[in-house]
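Visitor: When you get a sec, could you give me coordinates for this:
(one chain, ligands or ions: 1)
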Amino acid sequence: MRGRLSLLLCGLLLLAGCHRSTRSDKATSDCRHSESICGSGTTCAANGQCLMDCRENLADACGPGLLCNQGTGACVAAQKLDCNEVPGLCWENQVCDAPTGYCREAAIDTALAYDVQLYDYTLHVDTAASTFSGQVSIFLVATRGGTATVTLDVGKTVEVPVEEGTAPYTPYTVTSVKSRSGAALAFTQDSTAGTLTVTLGTPLEANASEVLTVAYQGPLNPISDRKHDLYFTGLMRREGKLGHSLVQTFGWPHHTRRWLPSHDHPRDIARAIARVSIDNGLPVQANGVLVQESEGTPHRRTFLLRQPVPTYALNFIASDYTRVPIGTVDGVQVEAYMYPVATESAVPPLWWTGTLGAMKYLNEALGSFPFERYAMMQVPSALGGMEHATVVSIADTRTEGPDEEGHGNKLVIHEMLHHWWGDSAHQASWEEFWLNESLASFYTAEALGVLGGRSAFQAELDRMKAAIFKSPARYDDDALRWSRHPEEVPGETTRASFAAPYVKGPWIWQMIRLQLGESAFAAFMKRFYAATRFKPYSTTQLITLLNAESAVDFTPFFKEWVYGRGWPKLTSTWSYDSARRVIRLTVRQTQDVARYGSYTFNGPLALKYVFDDADAATASCTGEVTFTGGALESTVDIPCARAPTTMSQPFTRDLLVEIVP
Ligand SMILES: [Zn+2]
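Guide: Here you go, the predicted structure:
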């Protein structure tokens, strides 16, 4: 660990002093004739000069209105956001769709009825009237032949509290739907079902694309009762803890449809172009990078997110923020947007710089950060934090509290982790939610271990374990990988379906590491991420990969720990037989087996016990207890020359087991 940490620090120090400039000394040579002229970190531009390669410094290499060409590393003008005119606009594994000028994935995901590639939305928010209006052009590809209708998700009507009783509130009304050619299309908005069914002019063949432009308008979310299910959802105006006004969206788990007509399924990832203006002039931040900014009123900003993400990770937000730059890691800018008071903007430089070291570590451990910037936005409330891609939400209360609580330092790393696990590799359905949260939480602990020593990793896992044992009812009423028909979202009918992935989940990865060994685990996780980057992932796929790439059959392990509820509880009793000079150790699994099942402990997961007699001159006695085949009790005789006085259970460091008297 020490070696890795010092490498990391060198990397960070280098970053501070590695500002590159154009290679003017080579300007007399034309690199178009000899690529080798350009040095490391530079690329040959169209004029034959070697220029800094913007791929190595994504966020700030290209000025306003310029984008980094992913093919060449040169900055290109991006006024039109048309891939026919802006070569290199498209990201990894994307190609330019010539008829639309939009990028599309080279390989379409055919699991659902259609695959959205892009939401190109233009919205104006009128805070004075508490309304918004605009349109979204949805670039989609049909996955089935004869696709004659497309059903989009829209917000349902709900009853909201008013002065006397309740009144129906519909998030927005669709006013028109047009095809790519501009033809008006027939549509039905069903605000009870929450669907917008569009009849296409001509049915689409499989793999054919269409652009549906949906115009809509509606009120901002008026729900002010914090206890209401839909309080912090859709498009809303809220006040932060210090009274600052914010205009923002919130979509998790399936509320993006409440501000954006969309294919609001976690599997269907898509890119976004956000063109947003607000009557009060608040500067907007949105997913991706700022590419255009209008003059005059209303002041409109355009952001381009070139990487596809789940709909719940789409977001825009506006407030009178102070921008706090934190640093740049491997070309990605890390920054925070805080309420404009010194007490808040002082927090990131003091407490959130762990994001730099964490990103550096994760770039090496998993693969390069898959987006173009990482901005942390202070917001009134967001389940603590929310992994809106490139513009994560951090609840404003997290900056408070005693120093021991870290002022949100772990949360900002956790939300960054979701850019690997959740926003790029993403759940194939809500039932795979545990992958997102267990991996984000496990690698947050890993990053803390790299930054603060192995004890920091162990302390984080022990904290999770203590939380589970303290409030078992919150974590034991469902499996990590649950299954529902019809589909549900996390936390809908059980508490553990939402809560357990954060604290039980990381222990699963720790126990997988124990079985694979440190280096094989590290190599496997790097491959697992490479295989799922911008692709859907699932538990069955994980098991298949684990079984294929290791000598272990992980199927029984997942059955007990991931598909089963709860965790094992162990009671150990022992006595010393002085005649035979053995310790007789009996271990029982005491969890309710009908509800939680029995657990296998053998191989690397065998339970190791240490007995000691408090005499430094004599060696301690060690023994191993195994459980297989559904056994609930196991007894072993451990040879020991003298009667011990103490028993310890070092396996509790690595296994999620509750020791009960
Ligand atoms: Zn999370």
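Visitor: Spit out the contact partners of residue 191.
Guide: 154, 155, 156, 157, 170 (Cβ atoms under 8 Å, 6 or more residues apart in numbering). Every residue, glycine included, has its C-beta placed from N, CA and C.
Visitor: Tell me where this protein has helices.
Guide: Taking DSSP state H to define them, one finds helices in the chain at 2-16, 342-345, 347-351, 354-365, 409-417, 433-452, 454-470, 472-475, 496-503, 505-516, 518-532, 539-549, 555-561, 593-596.
Visitor: contacting residues around the closest residue in space to residue 661 that isn't next to it in sequence?
Guide: Among residues not flanking residue 661 along the chain, residue 571 sits closest, at 6.9 Å (Cβ to Cβ, 6 or more residues apart in numbering). Residues in contact with residue 571 (Cβ under 8 Å, 6+ apart) are 587, 588, 590, 659, 660, 661.
Visitor: what about the residue nearest the centre of the chain, distance to the ion?
Guide: The C-alpha lying nearest the average C-alpha coordinate of the chain belongs to residue 418 (Cα atoms, centre = their mean; 2.1 Å). Distance, residue 418 to the ion, using Cβ to the ion, to the nearest Å: 6 Å.
Visitor: Please shift the residue numbers so they start at 45 in all later answers.
Guide: Okay, using 45 as the starting number, the last item reads as residue 462.
Visitor: what sits against the residue nearest to that residue when sequence neighbours are not counted?
Guide: Closest residue to residue 462 apart from its sequence neighbours, by Cβ to Cβ, 6+ apart: residue 431 at 3.4 Å. For residue 431, the contact set (Cβ under 8 Å, 6+ apart) comprises 357, 459, 462, 463, 466, 467, 484.
Visitor: give me that answer again for 7 Å
Guide: Shown in contact with residue 431 (Cβ atoms under 7 Å, 6 or more residues apart in numbering): 357, 459, 462, 466, 467.
Visitor: which residues touch the fourth one?
Guide: Applying Cβ under 7 Å, 6+ apart, one finds that residue 466 lies in contact with 431, 480, 484.
Visitor: Let me know the distance separating the closest residue to residue 346 other than its chain neighbours from residue 343.
Guide: The shortest distance from residue 346 to any non-neighbouring residue, by Cβ to Cβ, 6+ apart, is to residue 336 (3.8 Å). Distance, residue 336 to residue 343, using Cβ to Cβ, to the nearest Å: 11 Å.
Visitor: quick revisit: dump the contacts of residue 466 into JSON lines; add pLDDT as well.
Guide: Converted to JSON lines, those look like this (pLDDT from 0 to 100):
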{"residue": "431", "pLDDT": "98"}
{"residue": "480", "pLDDT": "98"}
{"residue": "484", "pLDDT": "98"}
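Visitor: near the ion, from the residues you listed?
Guide: residue 484 (Cβ under 5 Å from the ion).
Visitor: Just the closest of the contacts of residue 466 to the ion, please.
Guide: residue 484 (4.6 Å; Cβ to the ion).
Visitor: Look at the closest one and say how many residues are nearby.
Guide: If you count neighbours by other Cβ atoms under 10 Å, residue 484 ends up with 26.
Visitor: what's the answer for residue 413, then?
Guide: Other residues near residue 413 come to 23 when the count uses other Cβ under 10 Å.
Visitor: what's the domain layout of the chain?
Guide: Domain ranges of the chain: 46-121, 138-361, 470-605, 613-703, per automatic domain parsing.
Visitor: By mean pLDDT, show me the worst of those.
Guide: Mean pLDDT values for those show the minimum at domain 46-121, a mean of 58.
Visitor: Could you give the backbone dihedrals for the residue nearest to residue 462?
Guide: phi -80, psi 50 (degrees, to the nearest 10).
Visitor: Where does the stretch 195-344 of the chain get nearest to the ion, residue-wise?
Guide: residue 296 (9.6 Å).
Visitor: these two touch, right, that residue and residue 358?
Guide: No: checked against Cβ atoms under 7 Å, the pair residue 296 and residue 358 is beyond contact range at 10.3 Å.
Visitor: Those two: who's more crowded?
Guide: Shown here are residue 296 and residue 358; by other Cβ under 10 Å, residue 358 has more neighbours (26 against 22).
Visitor: now that one: how far from residue 523?
Guide: 29 Å.
Visitor: Could you do residue 234 as well?
Guide: Distance from residue 234 to residue 523, by Cβ to Cβ: 34 Å.
Visitor: same check, this time on residue 681
Guide: Applying Cβ to Cβ to residue 681 and residue 523 gives a distance of 36 Å.
Visitor: which of these two has more neighbours?
Guide: Counted by other Cβ under 10 Å, residue 681 and residue 523 do not tie: residue 523 has more neighbours, with 22 against 13.
Visitor: residues contacting the more buried one?
Guide: Per Cβ under 7 Å, 6+ apart, neighbours of residue 523: 606, 607, 608, 609.
Visitor: Run through the residues that contact the second one.
Guide: By that I understand residue 607. Here residue 607 is in contact with 523, 525 (criterion: Cβ under 7 Å, 6+ apart).
Visitor: The last one too?
Guide: Contacts of residue 609 were listed using Cβ under 7 Å, 6+ apart, and they are 520, 521, 522, 523, 639, 640.
Visitor: Could you report the neighbour count for residue 696?
Guide: The tally of other residues near residue 696 (other Cβ under 10 Å) stands at 15.
Visitor: nope, residue 551 is what I was after
Guide: Residue 551, neighbours per other Cβ under 10 Å, totals 23.
Visitor: got a list of what it touches?
Guide: By Cβ under 7 Å, 6+ apart, the contact set of residue 551 is 505, 700.
Visitor: Tell me how far it lies from the ion.
Guide: 16 Å.
Visitor: For the residue lying closest to residue 683 once chain neighbours are set aside, which residues count as its bridge partners?
Guide: Spatially, and ignoring its direct neighbours in sequence, residue 683 is nearest to residue 626 (5.6 Å; Cβ to Cβ, 6+ apart). The residues listed as beta-bridge partners of residue 626 by DSSP bridges are residue 621, residue 683.
Visitor: so who does residue 626 touch?
Guide: By Cβ under 7 Å, 6+ apart, the neighbours of residue 626 are 681, 682, 683, 684.
Visitor: The third one contacts residue 625, correct?
Guide: Yes: under the criterion of Cβ under 7 Å, residue 683 lies in contact with residue 625, with a separation of 6.5 Å.
Visitor: Between those two, which has more neighbouring residues?
Guide: Taking neighbours as other Cβ under 10 Å, residue 683 and residue 625 compare with residue 625 leading, 14 against 10.
Visitor: Kindly list the main-chain dihedrals of the residue nearest to the more buried one when sequence neighbours are not counted?
Guide: Nearest residue to residue 625 in three dimensions, chain neighbours excluded: residue 685, at 6.0 Å (Cβ to Cβ, 6+ apart). Reported as degrees, to the nearest 10, the phi and psi values for residue 685 are phi -70, psi -30.
Visitor: contacting residues around residue 410?
Guide: Contact partners of residue 410, counting by Cβ under 7 Å, 6+ apart, are 464, 569, 570, 573.
Visitor: what do you get for residue 189?
Guide: Residue 189 sits in contact with 249, 250, where contact means Cβ under 7 Å, 6+ apart.
Visitor: now residue 632
Guide: 615, 676, 677.
Visitor: what is it paired to in the beta sheet?
Guide: Counting by DSSP bridges, the residues bridging with residue 632 are residue 615, residue 677.
Visitor: which phi and psi does the residue at the greatest distance from the centre of the chain have?
Guide: Computed with Cα atoms, centre = their mean, the residue of the chain farthest from its C-alpha average is residue 623, at 59.5 Å. Phi and psi for residue 623, reported as degrees, to the nearest 10, are phi -70, psi -50.
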